[in-house]
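Enquirer: Below is the sequence, then the predicted model.
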Amino acid sequence: EAVSREEQRQIQQTLISRDTWIIDGNYGGTLDLRIDAADTVIFLDLPRTLCLYRAMKRTLRYRKTGRPDMAAGCPEKLSLDFLKWIWRFPIDKRPSILSTLKATSDKQIVHLRSRRAVKQFLQSLS
């Protein structure tokens, strides 16, 4: 069952009040909270064809078992609306995110645009 936007904000507020945390996801309703509290923001800005491929692959992989990172009762779903959302992300969502990140001068911003960049970033951490 979906939670209300206010409940989402309360949950996020509780999480970001901890000393250390990592939150992934693209929840526009709490982006301001997370960015304000973060010291580092990693923006995975991967090609939409790759995102579409991975969404379809994930759906096929977990169609009978459910994803281990999803709450019980939240099955993996692939709908036309979700596919459209992924395809339109660079037009509908990306500009706003980039604008928000550009205005965030006191944070470390890591903007990764390819699988290679992600791999190099991860290797740099070890």
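Expert: The structure has been received and is ready for your questions. Residues are numbered from 1 along each chain as shown.

Enquirer: Helix, strand or coil: sort out the residue nearest to the spatial centre of the chain for me.
Expert: If you average the C-alpha coordinates of the chain and look for the closest C-alpha using C-alpha atoms, centre = their mean, you land on G25, 2.5 Å from that point. For G25, the secondary-structure state derived from DSSP: H, G, I helix; E, B strand; the rest coil is coil.

Enquirer: R34 versus that one, what's the distance?
Expert: Counting by C-beta to C-beta, to the nearest Å, the gap between G25 and R34 amounts to 9 Å. Heads up, the C-betas are built off the backbone N, CA and C, glycines and all.

Enquirer: For K57, see how far away the residue located most distally from the centre of the chain is.
Expert: For the chain, the C-alpha farthest from the mean C-alpha position belongs to K64; by C-alpha atoms, centre = their mean, that distance is 24.0 Å. Between K64 and K57 the computed distance is 15 Å (C-beta to C-beta).

Enquirer: Then R94?
Expert: Look at R94 and K57: by C-beta to C-beta, they are 22 Å apart.

Enquirer: One more: N26?
Expert: In this view, N26 and K57 are 19 Å apart by C-beta to C-beta.
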